[in-house]
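Peer 1: Provide a 3D model corresponding to the input given below.
(2 chains)
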Amino acid sequence: MSQHAHQWPLVVFTSLAMAGAGIVAVQPLGWAVGVPDVAGWNATGAWGPALIALGLLVSLAHLGRPARLLQVRRGVRRSALSNEVMLAGGTIAVSAAAALVSDRSAAGEVLRFLAAVLATAFLVSLGLVYRLRGQRTWQGAAVAGPAVSGLALGAAVLAARDTRWPVVILAAFFLGADAGVFAVRWAGLGRFDPSLRPARSSLFPWSHVILGLRFTLFDILPVGLLVTGREAAAVAALAAGLAVDRLAFYLLAVQHTTEAEIARAERVIAELDSVAAVTLPAAGAAGGPGPPRRR
Amino acid sequence: MSGAGFFLDLHRCVGCGACVLACRIENGRADAAAWRRVLPLNLARRPGGPTYFLSVACHHCGDPVCLAGCPSDAYEKRADGVVLHHEDRCIGCRYCEMACPFGAPRYDAGKGIVTKCHLCHHRLDAGELPACVTACPTEALGFLSGEREDGGARQLVPGFTDPAGCEPRVRFRVPRGQRRAALVAELEAAMRRTSG
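Peer 2: Got it, this is the predicted structure:
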């Protein structure tokens, strides 16, 4: 676990940021379905920028030089990480401004819609940051994960506030989409070549248990809890599922490095060697001409 | 693809570590993480594969992923191909460490930033070779310039992969001789069968 120590702030940041941006992103959806308690729904939306801001603060802990944070402006457009930070800042600013204006004003609605667009873009950027070709398990569906999971979480929070059937069905739809994307990611990890796994990873044998827990907590349990009217428990299950999702993302990462390639080569060599060791005595005992000299 | 880089003759490298020591001395990195590493492959000399030592540092890639992803613009690719890291701009996010498929950027906890091999650019500018190349007693490690190429050398260690497609500026000359060539070929074929 020590090699992942610097990633703990990132686990917290991405969890909080996905939750916060998900809530902001589905704000206009609340009005579209005619949420009865507009003031209450807008108050829930105000949690969004607070969660993202808290996440950003925690993420400073993973920087070796947090005082140089403003240097990230240099990489805007070129670096996915810079884009992510800028979109986070934009989402916080606009959604916080939206929370300050009156609930029914046109300016408030425009700001909340703009905040939703920025939050969605931020969720997409959260996935794009980790689209690194040298990272073997951060490919495909893992890149879409933050956007889909964030939106699903936001929709489930909306359903927890507005328990009418159409809203619950809408949340179930988003959670279903998340389940689909996550299932693809899970299957990809299941097919992952064991020879590419880290030599001393104690977590990979448990990967299906960890991912199964995440799937149950985030995609299955909340739907059941929402349908049975236990909204608070549904939100708690979502939060726990999101934390497990982020933990699994970082802890089950497999990076391509020269050291990892050497470990893979040595495992391959050991297998070649074991084939020779098994074949030699068996062929000799049969009384045949014996195996050809391997080298 | 031209540009500065390294050349390693796997037939000649004996794993003495003189290159690592020279790098540490030249760049004042006595206590910090080494920019150059000597990694033995099949040190146990299992009969199913070749044994060699890989002396590796930054590959000064033609399309460096560290540079592409850096949020603070701390990386620069010089006209001669050297990938430089500006320590004064680094925020220590370690994103380049996650992105590099060769493990070249090394986090320096003392400084709170990432550091990496700069191909002794101060020596190159003075018309000298990098310290690691100069120190190699068997001439296994060489300097690869735009002018010097080796048709028989490979961009990757046999069987290894470059998933990032970042055009590493390093060339490996594989062990020579019929027996060793057969071992290398067998390892390469077996490695290709895995999804690397």
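
Peer 1: going forward, measure contacts and count neighbours with C-alpha atoms only.
Peer 2: Will do.

Peer 1: Report pLDDT for the residue nearest to A:W47 when sequence neighbours are not counted.
Peer 2: Sequence neighbours aside, A:G20 is the residue nearest to A:W47 in space, at 6.7 Å (criterion: CA to CA, 6 or more residues apart in numbering or on different chains). The model reports A:G20 with a pLDDT of 97.

Peer 1: Helix or strand: which one has A:G20?
Peer 2: Element membership of A:G20 [criterion: DSSP states H and E] is helix A:8-25.

Peer 1: Which elements pack onto that helix?
Peer 2: Helices and strands touching helix A:8-25, by 3 or more CA pairs under 8 Å, 6 or more residues apart in numbering or on different chains; DSSP states H and E, are helix A:38-45, helix A:47-59, helix A:106-128, helix A:141-161, helix A:231-251.

Peer 1: Run the angle between that helix and helix A:38-45 for me.
Peer 2: 160 degrees (axes from the mean of the first three to the mean of the last three CA atoms, to 10 degrees).

Peer 1: now the angle between helix A:231-251 and helix A:8-25, please.
Peer 2: Using the same axes, to 10 degrees: helix A:8-25 against helix A:231-251 is 140 degrees.

Peer 1: What about residue 77, how many residues nearby?
Peer 2: No chain was given, so I picked chain A. The local packing of A:R77 (other CA atoms under 10 Å in any protein chain shown) involves 13 other residues.

Peer 1: Wait, chain B was what I had in mind.
Peer 2: By other CA under 10 Å, 16 other residues sit near B:K77.

Peer 1: Now for it: which residues touch it?
Peer 2: B:67, B:83-84 (CA atoms under 8 Å, 6 or more residues apart in numbering or on different chains).

Peer 1: Grab the nearest non-local neighbour of B:A109.
Peer 2: Leaving aside its sequence neighbours, B:A109 sits nearest to A:G64 (CA to CA, 6+ apart; 7.4 Å).

Peer 1: quick one: what helix or strand has the one you found in it?
Peer 2: Using DSSP H and E, no helix or strand contains A:G64.

Peer 1: Likewise for B:L54?
Peer 2: strand B:52-56.

Peer 1: Who are the packing partners of that strand?
Peer 2: strand B:37-41.

Peer 1: quick one: strands adjacent to the strand it packs on?
Peer 2: If you go by DSSP bridges, strand B:37-41 pairs up with strand B:52-56 (antiparallel).

Peer 1: quick check: mean pLDDT across the partner strand?
Peer 2: On average, strand B:52-56 scores 95.

Peer 1: how far is the helix or strand following it from where the chain is centred?
Peer 2: On the C-terminal side of strand B:52-56, the nearest following helix or strand under DSSP H and E is helix B:65-69. What separates the centre of helix B:65-69 from the centre of its chain is 17 Å, taken as CA atoms, centre = their mean, to the nearest Å.

Peer 1: So for helix B:65-69, what gets flagged as buried?
Peer 2: B:65-69 (16 or more other CA atoms under 10 Å in any protein chain shown).

Peer 1: overlap between those residues and the residues near chain A?
Peer 2: When contact is defined as CA under 8 Å from any CA of the partner chain, the buried residues of helix B:65-69 meet chain A at B:68-69.

Peer 1: List the residues that contact B:F143.
Peer 2: B:F143 makes contacts with B:4-7, B:129-130, B:133, as judged by CA under 8 Å, 6+ apart.

Peer 1: ok, the residue nearest to B:A109 - contacts?
Peer 2: Taking CA under 8 Å, 6+ apart, we find A:G64 in contact with B:91-93, B:109, B:111-113.

Peer 1: List only buried entries from these.
Peer 2: B:91-93, B:112-113.

Peer 1: Please produce JSON lines containing those residues, extended by pLDDT and distance to B:H121.
Peer 2: Output for those, formatted as JSON lines (pLDDT from 0 to 100; distance: CA to CA, whole Å):
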{"residue": "B:I91", "pLDDT": "97", "distance to B:H121": "23"}
{"residue": "B:G92", "pLDDT": "97", "distance to B:H121": "22"}
{"residue": "B:C93", "pLDDT": "96", "distance to B:H121": "25"}
{"residue": "B:G112", "pLDDT": "95", "distance to B:H121": "23"}
{"residue": "B:I113", "pLDDT": "96", "distance to B:H121": "20"}
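
Peer 1: Next step: the residues you listed restricted to strands.
Peer 2: Among those, the ones falling in strands (DSSP state E) are B:I113.

Peer 1: Now the two most distant members of the buried ones among the contacts of A:G64.
Peer 2: Greatest spatial distance among the buried ones among the contacts of A:G64 (CA to CA): B:C93 and B:G112, at 9.1 Å.

Peer 1: What is the neighbour count of the closest residue to A:L128 other than its chain neighbours?
Peer 2: Taking CA to CA, 6+ apart, and ignoring the residues beside it in sequence, A:L128 has A:V143 as its nearest neighbour in space, at 6.0 Å. When counting by other CA under 10 Å, one arrives at 21 neighbours for A:V143.

Peer 1: follow-up on the earlier one: quickly list what's touching both of B:C93 and B:G112.
Peer 2: A:63-64.

Peer 1: Now do the nearest residue to A:A107 once chain neighbours are set aside, the pLDDT please.
Peer 2: Once flanking residues are discounted, A:A107 sits nearest to A:V101: 7.5 Å by CA to CA, 6+ apart. Looking at A:V101, its pLDDT stands at 84.
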